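S.K.: Okay, structure incoming, though there's no sequence with it:
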């Protein structure tokens, strides 16, 4: 796919979205060499990934779901990449957790490109103010942007907007594209694609990590 659009294969990383799947589903992917995974919830990740990481060192774990400020310390302790900073309160909580723990996960801001009221993410017009808060009021270094386009709209304008915002604010990472549109996202500059159902199939309730 990368070669088809004139990009290096190393320029795009697959984040395998393992939410709602248990260890027995994830282990074959780890055995095959997949090292980068995404989870939506801190608690679910906390229950299953410490044991998986003990078996397979070198895993990179992304938080791709909304984060509550009271879970910031746990998120910083567990995740290598947090993709869903979307307001100053969350940024401040992550900053405090990082100062206390000494851990420095990679950080992205989630942009609500469709400005959907039910969806997490900062509005595009407010992105500059949030980045200024992170840069001036905290020690956070923001590496990139993430978006989830509205399900009832074409994804391409949203990917184009995120790419434009990343260039405007000089951010190098673009997390965009999921199972139904990751090929389009790669064409439009994604550096991370978050793919779950195309790999695992339909979602089902997670199974206890004690099955490892």
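M.R.: Done, it's in. Predicted, not measured: the structure shown is a model, and the values here were computed from it.
S.K.: Tell me who's in contact with the nearest residue to residue 92 once chain neighbours are set aside.
M.R.: Once flanking residues are discounted, residue 92 sits nearest to residue 138: 6.4 Å by Cβ to Cβ, 6 or more residues apart in numbering. Where you see a C-beta, it was placed from the backbone N, CA and C, and this is true even at glycine. Going by Cβ atoms under 8 Å, 6 or more residues apart in numbering, residue 138 touches 91, 92, 94, 95.
S.K.: Give me the phi and psi for residue 38.
M.R.: For residue 38, the backbone dihedrals (degrees, to the nearest 10) come out as phi -120, psi 140.
S.K.: What are the neighbouring residues in contact with it?
M.R.: By Cβ under 8 Å, 6+ apart, the contact set of residue 38 is 15, 16, 17, 18, 19, 61, 62, 63, 64, 83, 194, 196.
S.K.: could you measure it against residue 164, distance?
M.R.: 24 Å (Cβ to Cβ, to the nearest Å).
S.K.: Out of the contacts of residue 38, flag the one nearest to residue 188.
M.R.: Using Cβ to Cβ, residue 194 comes nearest to residue 188 of those, at 14.7 Å.
S.K.: which stretches of this structure form strands?
M.R.: 13-17, 36-39, 60-63, 81-85, 106-110, 142-146, 173-175, 192-195 (DSSP state E).
S.K.: which parts of the third one are buried?
M.R.: Residues 61, 62, 63 are the ones in strand 60-63 that count as buried (16 or more other Cβ atoms under 10 Å).
S.K.: Give the other helices and strands that that strand contacts.
M.R.: Judged by 3 or more Cβ pairs under 8 Å, 6 or more residues apart in numbering; DSSP states H and E, the packing partners of strand 60-63 are strand 36-39, helix 42-55, helix 72-78, strand 81-85.
S.K.: What of the first one?
M.R.: Applying 3+ Cβ pairs under 8 Å, 6+ apart, one finds that strand 13-17 contacts strand 36-39, strand 192-195, helix 197-200.
S.K.: export these to JSON lines and tack on mean pLDDT and distance to residue 28?
M.R.: Output for the helices and strands packed on strand 13-17, formatted as JSON lines (pLDDT from 0 to 100; distance: least, Cβ to Cβ, whole Å):
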{"stretch": "strand 36-39", "mean pLDDT": "98", "distance to residue 28": "13"}
{"stretch": "strand 192-195", "mean pLDDT": "98", "distance to residue 28": "15"}
{"stretch": "helix 197-200", "mean pLDDT": "92", "distance to residue 28": "10"}
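S.K.: Let me have these in TSV, adding distance to residue 50 as columns.
M.R.: What follows is the helices and strands packed on strand 13-17, written out as TSV (distance: least, Cβ to Cβ, whole Å):
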stretch	distance to residue 50
strand 36-39	12
strand 192-195	22
helix 197-200	21
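S.K.: With residue 79 as the reference, name the closest of these.
M.R.: Using Cβ to Cβ, the nearest of those to residue 79 is strand 36-39, at 7.9 Å.
S.K.: re the thing from before, of all the helices and strands packed on strand 13-17, which one is nearest residue 134?
M.R.: strand 192-195 (19.4 Å).
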